[in-house]
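1. build me a model from this:
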Amino acid sequence: MRKKRDILFLCQFFYPEYISSAQLPFDTVRALDRAGFSVDVLCGYPREYLEGKDIPLKEQVGDIHIRRLKYLQMDRSGFLGRLINYFSFTFMVLLHLMDFRKYRAVVVYSNPPILPWIASWAKSLFGGKLVFVAYDLYPEVATVTGTFGKRHPICRLMDFINRRVYPRADRVVALSTEMREYIVSHRPIPADRVVVIPNWYPENDSGEPPREENRFREEVNGRFVVSYFGNMGTMQDMQTILEAIRELKDDEDIFFLFAGHGNKLEALKSHVAEEKIENVAIYRFLHGQDFRDALDISSCALISLIQGATGLCVPSKTYSYMMEGLPLLAIMDESDITRDIDLGAGAWVRSGDGQGLARAIRRLRDDPAAAAEMGRTCRRLYEEKYTAPMGTGRYVTLFRELLAGEKEKVL
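-> Numbers count the residues shown, from 1 in each chain. Now for the predicted structure:
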């Protein structure tokens with residue numbers, strides 16, 4: 001009889017996709033593999049977040065076995081499309097439920113939000129350990145944005161799922177202190193099972209030779225560049241940012257650079273076009289050398305969450321800005337990020353304070369020495385807390401502790 005393998009990772013997005021929700025699990029899997037764990041992955045077949053490659057349904061990277069499931073993939077910009085994708089992928093995973101018995105532990109991510117329910121079934125049927133990585137907290141993400149009321153059938157379904165997933169989880173990974181506090185207060189799980197492991201961003205060491213010409217340099221033309229990269233969705237406070245843009249539209253030496261995706265992207269583009277605001281450029285999602293070029297010409301970086309969203313999710317692009325040593329400008333409630341900012345890493349305002357955000361941008365523009373010091377503080381905090389080896393190392397420690405008392409079982 002053959003021994004069980006150590007860990008199965010269960011996620012919708014994975015290598016070679018380039019978004020953070022694919023890159024972070026891949027980094028973690030590789031670190032666990034290097035630490036001596038046997039690791040496999042069950043994930044969705046990529047369609048949107050890669051560059052025109054034919055990807056095999058099954059692939060082996062070192063000792064890591066990756067199996068990709070094809071499922072219905074509709075346009076994700078609308079709610080119905082996302083819902084179909086969620087249920088379609090979860091159904092395909094359900095068809096492979098018996099495979100879960102081959103592993104001593106299962107790691108499941110919170111996207112799609114119904115997926116952890118399947119992992120909890122596997123624990124009930126086959127035993128083993130269950131680790132739930134909570135990137136977003138549902139149904140609160142839907143209720144705080146006004147997408148659904150608390151009594152909506154989908155929110156009631158998520159409440160039902162939460163009452164079954166959290167008690168069965170051996171560990172829940174929260175991305176921040178405030179997320180952990182929210183989980184402990186609002187979920188049926190003992191506090192000692194909830195751990196904080198922040199996201200991270202790897203150093204820019206891709207090995208690719210730098211471009212001779214930065215594609216953005218001519219467009220920004222030496223101006224003070226305020227950048228926003230990543231998701232512009234329901235949880236992001238784009239309205240406060242738009243108010244600051246309006247305040248600064250006549251400041252010819254300030255330039256706003258946006259790149260990303262999400263259901264608020266087109267609205268932002270429409271406002272900029274209709275109001276004839278000329279110091280703004282908006283691109284689709286950037287990655288690879290394009291993203292590194294954009295970071296290189298940035299003077300500071302924006303991160304935002306709508307009021308009430310703090311503790312329900314964490315803007316993952318924060319750590320790329322800190323790696324680059326860019327001063328942070330945050331629109332959000334008090335959080336781990338704002339506490340870093342209070343150590344000298346930038347400035348933050350509450351949701352709705354567009355004028356305050358505009359003043360903070362002008363202060364950074366007018367005081368290059370202070371901005372440079374904020375950038376150095378960001379880089380120092382990144383090196384102290386948010387490097388990739390630190391983040392993945394915390395997962396290695398978690399599994400060494402979690403599986404230490406488990407005898408290797410056979411099938």
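2. any stretches of the stretch 1-150 of the chain with poor pLDDT?
-> 1-2, 52, 76-79 (pLDDT under 70).
3. what residues sit buried inside stretch 226-236?
-> Within stretch 226-236, the residues scored as buried using 16 or more other C-beta atoms under 10 Å are 226, 227, 228, 229, 230, 231, 232, 233, 234, 235, 236. In this view, the C-beta of every residue, glycine as well, is placed from N, C-alpha and C.
4. likewise stretch 276-284?
-> Applying 16+ other C-beta under 10 Å to stretch 276-284 flags 277, 279, 280, 282 as buried.
5. name the residues linked to the last one by a beta bridge.
-> Okay, so that is residue 282. residue 258 (DSSP bridges).
6. against residue 232, how distant is it?
-> 9 Å (C-beta to C-beta, to the nearest Å).
7. what residues are up against the residue nearest to residue 341 when sequence neighbours are not counted?
-> Excluding the flanking residues, the one nearest residue 341 by C-beta to C-beta, 6 or more residues apart in numbering is residue 348, at 5.0 Å. Neighbour list for residue 348: 328, 329, 330, 331, 332, 337, 338, 341 [criterion: C-beta atoms under 8 Å, 6 or more residues apart in numbering].
8. now with 10 Å?
-> Contacts for residue 348 (C-beta atoms under 10 Å, 6 or more residues apart in numbering) come out as 303-304, 328-335, 337-342, 356-357, 360.
9. cool, residue 123 as well?
-> Per C-beta under 10 Å, 6+ apart, neighbours of residue 123: 100, 105, 106, 108, 129, 130, 165, 168, 169, 170.
10. the first one looks like it's in a helix, true?
-> Yes: with DSSP: H, G, I helix; E, B strand; the rest coil as the criterion, residue 100 is part of a helix.
11. what sits against it?
-> Residue 100 neighbours (C-beta under 10 Å, 6+ apart): 8, 10, 42, 93, 106, 118-119, 121-123, 125-126, 128.
12. isn't residue 181 right up against residue 191?
-> Yes: counting by C-beta atoms under 10 Å, residue 191 is a contact partner of residue 181 at 9.3 Å.
13. out of those two, which sits in the more crowded spot?
-> The neighbour count for residue 181 versus residue 191, taken as other C-beta atoms under 10 Å, is higher for residue 181 (15 against 10).
14. touching, residue 310 and residue 336? I think so.
-> Yes: shown here, residue 310 and residue 336 form a contact pair, counting by C-beta under 10 Å, at 9.3 Å.
15. any residues in contact with both of these two?
-> With C-beta under 10 Å, 6+ apart, residue 310 and residue 336 have common neighbours 176, 178, 179.
16. not counting sequence-adjacent ones, nearest residue to the first one?
-> So the one you mean is residue 176. residue 336 (4.4 Å).
17. backbone phi and psi for the nearest residue to residue 328 once chain neighbours are set aside, please?
-> Excluding its sequence neighbours, the residue lying closest to residue 328 (C-beta to C-beta, 6+ apart) is residue 346, at 3.4 Å. Residue 346 has phi and psi values of phi 160, psi -140 when expressed as degrees, to the nearest 10.
18. and residue 346, how many neighbours?
-> Residue 346 - counted by other C-beta under 10 Å - has 28 other residues nearby.
19. contacts only, for it.
-> 300-303, 321-322, 326-330, 337-338, 340, 360, 364, 371, 374-375, 377-378 are the contacts of residue 346 under C-beta under 10 Å, 6+ apart.
20. can you read off the pLDDT for it?
-> Per-residue confidence for residue 346 comes out at a pLDDT of 97.
21. cool, and the one 4 residues further on?
-> As summarised for this prediction, residue 350 has a pLDDT of 95.
22. my read: it touches residue 306, true?
-> No: Residue 350 is beyond contact range of residue 306, at 11.0 Å (criterion: C-beta under 10 Å).
23. how many neighbours does the closest residue to residue 312 other than its chain neighbours have?
-> For residue 312, ignoring the flanking residues on the chain, the nearest one in space by C-beta to C-beta, 6+ apart is residue 137 at 4.6 Å. Neighbour count for residue 137, taken as other C-beta under 10 Å: 22.
24. before we move on, what about residue 253?
-> 12.
25. residues contacting it?
-> 221, 222, 223, 224, 279, 365, 366.
26. now do residue 92
-> 42, 44, 45, 69, 70, 71, 72.
27. how about a cut-off of 6 Å?
-> With contact taken as C-beta atoms under 6 Å, 6 or more residues apart in numbering, residue 92 is in contact with 69, 71.
28. and it, what helix or strand is that in?
-> helix 79-94 (DSSP states H and E).
29. put the alpha carbons of that helix into CSV.
-> C-alpha atoms of helix 79-94 as CSV (Å, rounded to 0.1, in the frame of the first residue of the first chain):
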residue,chain,number,x,y,z
PHE,A,79,-22.1,39.2,-11.3
LEU,A,80,-23.9,36.4,-13.2
GLY,A,81,-20.7,35.5,-15.1
ARG,A,82,-18.8,35.3,-11.8
LEU,A,83,-21.5,33.2,-10.2
ILE,A,84,-21.6,30.7,-13.1
ASN,A,85,-17.8,30.4,-12.9
TYR,A,86,-17.9,29.8,-9.2
PHE,A,87,-20.4,27.0,-9.3
SER,A,88,-19.0,25.5,-12.5
PHE,A,89,-15.5,25.2,-11.0
THR,A,90,-16.8,24.0,-7.6
PHE,A,91,-18.8,21.3,-9.4
MET,A,92,-15.8,20.1,-11.3
VAL,A,93,-13.8,19.9,-8.0
LEU,A,94,-16.7,17.9,-6.5
